[in-house]
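Visitor: need a structure here:
(one chain, ligands or ions: 1)
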Amino acid sequence: MELNRRNFIKLLVGGAVGIQVTPLPWKLTDDVAIWTDNWPWVPVPPRGAFTSVKSVCTLCPGGCGISVRKVDNRAVKIEGRTDYPVNPGGVCPIGMGGLELLYDKDMRFTRPMKRVGPRGAGVFQDISWEEAIGTLCSRISSLRSEGRPEALAAVDGHYLRGSTMSVLIERLMKAIGSPNYLRVPNSEDTYRIAGALMTGREGPIACDLENSDFVLSFGCGFLEGWQGAGRVINAWSILREKALNNKAKVVQIESRASNTASKADKWVAVKPGTEAALALGIGHVLIKEGLYNKEFVNNQCFGFEDWTSPDGKEHIGFKTLVLKKYGPDQAGKLTSLEPARIVSLAIDFAKAKAPVALFGKSKGLLNGSLYEFMSVMALNALSGRLNQPGGILICDPLPLAVLPEFQQDAVASTGSRKPRIDGAGSSSYPCTRSLINNFADTVAKSDNSPVDTLMVFSSNPVFTLPDGGRFKRALEKTPFIVSFSPFRDETAFMADLILPDHTYLEKVDDVVWPAALQFPLYGLTRPVVEPLHHTRHSGDVILQIAKKLGGSVGSAFPWKAYEDVLKIRAMGLFKSGPGLVQYEGKTTFWEGLGENGALKADYKDFDGMWKALKSNGLWYRPRYAAGAEQSLFKSPSGKFEFYSTLLETVVSESAKTGSRDEILDAMGVHARGDEVFMPHYEKAAVPEGSGNYPLRLVPYAQINLSSSWVPTPPFLNKTLFDNELLKDESFAEMNPKTAAEYHLEEGQRVWIESLSGKVKVRVTLFDGAMPGYVFLPRGFGHYAYDEFLRGKGSNPNTVIHPSKDPLSGLPVWWNTPVRITKA
Ligand code: SF4
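Guide: Numbering: from 1, shown residues only. The predicted structure follows:
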């Protein structure tokens, strides 16, 4: 490789990512800053005093502590904090680039606006905040006076942890009278259902990665940004150091040689969507060879052995199911793995002292498959590693105070009892709370949209949903759309009204338990700079909307400012017992987590705690979240359930409206009998008419490319290699054998086409791509934002056919049939 400036930048990023996220990439930023001298919006720091402000990054669910250096009032640099027990000193490339999201005026809405051009063209006219809030309120008031408040819907992109913004959005919907509160799904949604069905707890996913000695990862992109790179890449470096002394091992199960797979101790390529079969194949070996934790399984688990229910009915247990159907030969056929490799994985897993099996493909920003997550959870139970050092932790949610109950008026009470547009919670989808894919489907197909007004918060579903453009078609049918986005994103371009939020560096907001962190932590951002433009905090805008609507809606929101609500909720932390608001970084937080000595708060009273929380941005307890095993499981049996009695009850309830077979068909579940209620492998549904689409498309994520609603800081384009983005074209990875079958060569332009759409890309040959599959990176293909993001590459989401995961009904995004033709 020629060592020119551009390649030097790429090398630096690759190096920084490969080792750990450290302050090293700041060299890169300096270099890029020089290169970007001719960009019109690059901040030119004034002369002045240096200060730094501590805050928390909210650009992904990782919740890293950040320190923002300022010259005078200008923020000039973001660094990781060493005094924050999540990401010791590190931030990821996207977090480093946060200042571009603040200062790039072309990327942002700077004031409220209304649409004056055609939908999607992004042509808006400035209006006042009074007019903007007034327009939305009169729309909502009309719906309420017409007796159809349920025609208001909201999409909430905040991560699933109970953030205060989510609480307020859901409360507003309830006070107005609409059940149609929707969330953008991620892996936590699937984990939450799996946790509820098997343990009776819906607490946040947590894993003690740093203390594991054998990590069996079902596709988790530890080096791609899984659950927040700031912490996870630090954990990776600890694991690598241990691996040098043969004290830890990482096995990556993935169909493509991602960075994580390439740097793991072992890479195991299986067909996407067959991971459950592999987990159960490993389970088979553990059970057959007696390599499971018998004490835990016998005393703390239900449904392992065959059993008889009180009505005298005989049931098969997990052991019988797995021994019968998932032998290494059987699992090998399903996954395309040699049976001997399955046996060897099982033995390695069994031999380890602190093994953990993890799920949540890629960055974890998309949902997973429910039966797959249940199968991986079963492995953790077989090894008895639930709530043990180095294992998966089952946690209680953070003890934040619940906002006071309020009285709905008659309109709201009637409206909120109407069926949800997405069918979540109905007999077809009894386990799922929100199905934005179903919502889009229903609205897109309707002649007369059931939604009149849609509010969109902190999300860009037109771009991020893997649904072949269905959400956009739904928006085309929706009479009135309101965007609260700070960014000029694709969804906002479809809006009629823009009520722009501040960016995360201009406001106070909370991070409720950073993703997968192994101890409870509440983070609080603070304004690093005064708001640059005429934007408003969406939390304050919700309070203003409620006040203007008045009546029972106004009464449900008695607070003056969003910060008052944060403070009320934080009181719950204070009352729950001692916590800490300081972390000096002298001891590494992942050591000594299991110590159970009494914790002494480092604050005297609530005012002291709140003041420190506001300036330091954290409250935490350096302890494992849940208590003794006896109180760990809140399932109907009080145990870990290999056979989910809750699921059986839910299906039986649903079956009251039809036959059990019909209900299971509606849920997309092919299994029958006892198997339905246990972890098992379900073959991914292939859409009708896909016979002429012989390949399979799998999207993947990269650490230096945002695939969420947050835009990629433009300077990161310069960290992409020429076979990732060349000028405006992105690349599809194919195995050379597959490419040869289609007479394709490196760099050739092709169409990748599914039943849902097609994209034009170039081919790059990659031995690490599984034959028969095409891999497309997520994060490219914007047509909104600024000139540096617009028109760069292709978005795989436009090709992904919207099929549904059995039982959960969430989108399947890893198995779209496609064909490839020369362009
Ligand atoms: S990992 Fe997430 S929270 Fe941490 S710096 Fe990166 S984007 Fe921000």
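
Visitor: Show me which residues of the strand or helix carrying residue 610 are buried.
Guide: Taking DSSP states H and E as the criterion, residue 610 maps to helix 606-616. By neighbour count on 16 or more other Cβ atoms under 10 Å, the buried set for helix 606-616 is 609, 610, 612, 613, 614, 616. C-beta here means a position set from N, CA and C on the backbone, and glycine is covered the same way.

Visitor: Would you map the helices across the stretch 601-750 of the chain?
Guide: 606-616, 645-654, 660-667, 736-741 (DSSP state H, counting those that start in this stretch).

Visitor: and which of the buried residues of helix 606-616 is nearest residue 204?
Guide: Closest approach between the buried residues of helix 606-616 and residue 204, by Cβ to Cβ: residue 613, at 19.4 Å.

Visitor: so that closest one makes contact with residue 579?
Guide: No. With contact defined as Cβ atoms under 8 Å, residue 613 does not reach residue 579; the gap is 9.5 Å.

Visitor: Give me the common contacts of these two.
Guide: Jointly contacting residue 613 and residue 579 under the rule Cβ atoms under 8 Å, 6 or more residues apart in numbering are residue 619.

Visitor: and residue 125, which of the three is it?
Guide: strand (DSSP: H, G, I helix; E, B strand; the rest coil).

Visitor: Is it bridged to anything, and to what?
Guide: When bridges are called by DSSP bridges, residue 125 pairs up with residue 114.

Visitor: Is the residue of the chain found nearest the ligand part of a helix or strand, or is it coil?
Guide: Using Cβ to the nearest ligand atom, the closest approach of the chain to the ligand is made by residue 95 at 2.2 Å. Secondary structure state of residue 95, per three-state DSSP, is helix.

Visitor: Repeat that for residue 527.
Guide: coil.

Visitor: For it, give its distance to residue 501.
Guide: 13 Å (Cβ to Cβ, to the nearest Å).

Visitor: Just the helices from the stretch 101-250 of the chain, written as ranges.
Guide: Taking DSSP H, counting those that start in this stretch as the test, the helices found in the stretch 101-250 of the chain are 129-145, 164-176, 187-199, 229-244.

Visitor: would you turn those helices into CSV with mean neighbour count and mean pLDDT?
Guide: Converted to CSV, the helices of the stretch 101-250 of the chain look like this (neighbours: other Cβ atoms under 10 Å; pLDDT from 0 to 100):
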stretch, mean neighbour count, mean pLDDT
helix 129-145, 17, 98
helix 164-176, 22, 98
helix 187-199, 25, 95
helix 229-244, 21, 94
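
Visitor: Show the contacting residues for the closest residue in space to the residue of the chain closest to the ligand that isn't next to it in sequence.
Guide: Closest residue in space to residue 95, ignoring its immediate chain neighbours: residue 57 at 4.8 Å, by Cβ to Cβ, 6 or more residues apart in numbering. By Cβ under 8 Å, 6+ apart, the contact set of residue 57 is 63, 64, 65, 66, 78, 91, 95, 98, 230, 504.

Visitor: so who does the nearest residue to residue 176 once chain neighbours are set aside touch?
Guide: Leaving out its chain neighbours, the residue that sits closest to residue 176 by Cβ to Cβ, 6+ apart is residue 149, at 5.1 Å. Residue 149 makes contact with 140, 143, 176, 177, 178, 411, 412, 415, 416 under the criterion Cβ under 8 Å, 6+ apart.

Visitor: any idea how far the first one is from residue 378?
Guide: Just to be clear, that refers to residue 140. 46 Å.

Visitor: which regions of the stretch 351-500 of the chain lie under the pLDDT threshold?
Guide: Filtered on pLDDT under 70, the stretch 351-500 of the chain yields no residues whatsoever.
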